[in-house]
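> Below: sequence and its predicted model.
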Amino acid sequence: MDAFRAGVSWLLDGSNWSGTDGLTQQLVEQVLLTVTSLVIATLVALPVALWLGHLGRGGALAINVSNIGRAVPTFAVLVLLSVGPLGTDRLGPYGRAGLATLVSLVLFALPPIITNAYVGMREVDREIVEAARGMGMNGARLFRRVELPLALPLIMTGLRLALVQVWATATIAALVAGPGLGNTITAGFANDDSDRVIGGAIVVALIAVALEGFASVAERTLDPVRRVRRVASVRVAEPLAA
């Protein structure tokens, strides 16, 4: 408990948040890395997974390929990219080894997005799909009005998993001189400064919990089935109250 208090005290010291190597700069770098990698992974993976799920073909291959990427440790990919063609040069606001870190995180974010989006599309009740076709809906309208809304909960779950995993994994970029809050933790270990280590870990953990909570709320809010159930329960309750 004393060590935890010391870590909190270190965080409350304003000097640790300022400067080019301060927590503020590292936090900005890690947030940018997380958001950018998630957006890129979503733009790459989501259309493919949704289309394959709509067609009902090729999904198993896509999931297996993405799972191969999941089996390869992100740190190994990061090291190979850093010592290889991408190097450790600074990438604007993303910091040193920014490009290598960004590519690694994008690859890490792909599997949960692909898997959950495809499974979400395939788990849409086939009777509902056939009923929509019987009403004259073509493929595009069926996808937009029926399949996508019903698959949305699992799609959001995949995005939530990718978000939290990418945020936590971005911390290890510091091990290859990369950007982010991991620099605070590695510097603490290098200088035998446990207060710095614990302080950095607290920031990473708190933001991970906050991201998980935010994503969970967004997931529930955007769930169309949940909204329908809420409206139905209100309509049932009104006559009972009367």
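Happy to help now that I have it.

> Residue ranges in this structure under the pLDDT threshold?
Filtered on pLDDT under 70, the chain yields the residue ranges 1, 69, 224-242.

> What about Arg90? Give its phi and psi, please.
The phi/psi pair for Arg90 (degrees, to the nearest 10) reads phi -70, psi 140.

> Could you measure from it over to Gly178?
In this structure, Arg90 and Gly178 are 10 Å apart, going by CB to CB, to the nearest Å. The C-beta positions use only the backbone N, C-alpha and C, and glycine is treated the same way.

> Identify the contacts common to the two.
Shared contacts of Arg90 and Gly178, defined by CB atoms under 8 Å, 6 or more residues apart in numbering, comprise Arg96, Gly98.

> Who has more neighbours out of those two?
A direct count of neighbours by other CB atoms under 10 Å for Arg90 and Gly178 places Gly178 higher, at 28 against 13.

> Disregarding residues adjacent in the polypeptide, which is nearest to that one?
Nearest non-adjacent residue to Gly178, counting by CB to CB, 6 or more residues apart in numbering: Ala97, 3.9 Å away.

> Please verify my assumption that that neighbour contacts Ala177.
Yes: under the criterion of CB atoms under 8 Å, Ala97 makes contact with Ala177 at 5.7 Å.

> Spit out the residues that contact those two alike.
Ser82, Thr88.

> So for the two, which sits in the more crowded spot?
Using other CB under 10 Å as the criterion, Ala97 and Ala177 rank with Ala97 on top: 26 against 14.

> wait, what's in contact with the residue nearest to Gly178?
Ala97 neighbours (CB under 8 Å, 6+ apart): Leu78, Ser82, Leu86, Gly87, Thr88, Asp89, Leu91, Ala173, Val176, Ala177, Gly178, Pro179.

> Now, of these, which are buried?
Leu78, Ser82, Leu86, Thr88, Leu91, Ala173, Val176, Gly178, Pro179 (16 or more other CB atoms under 10 Å).

> which residue packs closest to the fourth one, ignoring adjacent ones?
Of all residues beyond its chain neighbours, the one nearest Thr88 is Ala97 (4.1 Å), with distances taken as CB to CB, 6+ apart.

> again with Ala151
Closest residue to Ala151 apart from its sequence neighbours, by CB to CB, 6+ apart: Gly120 at 3.4 Å.
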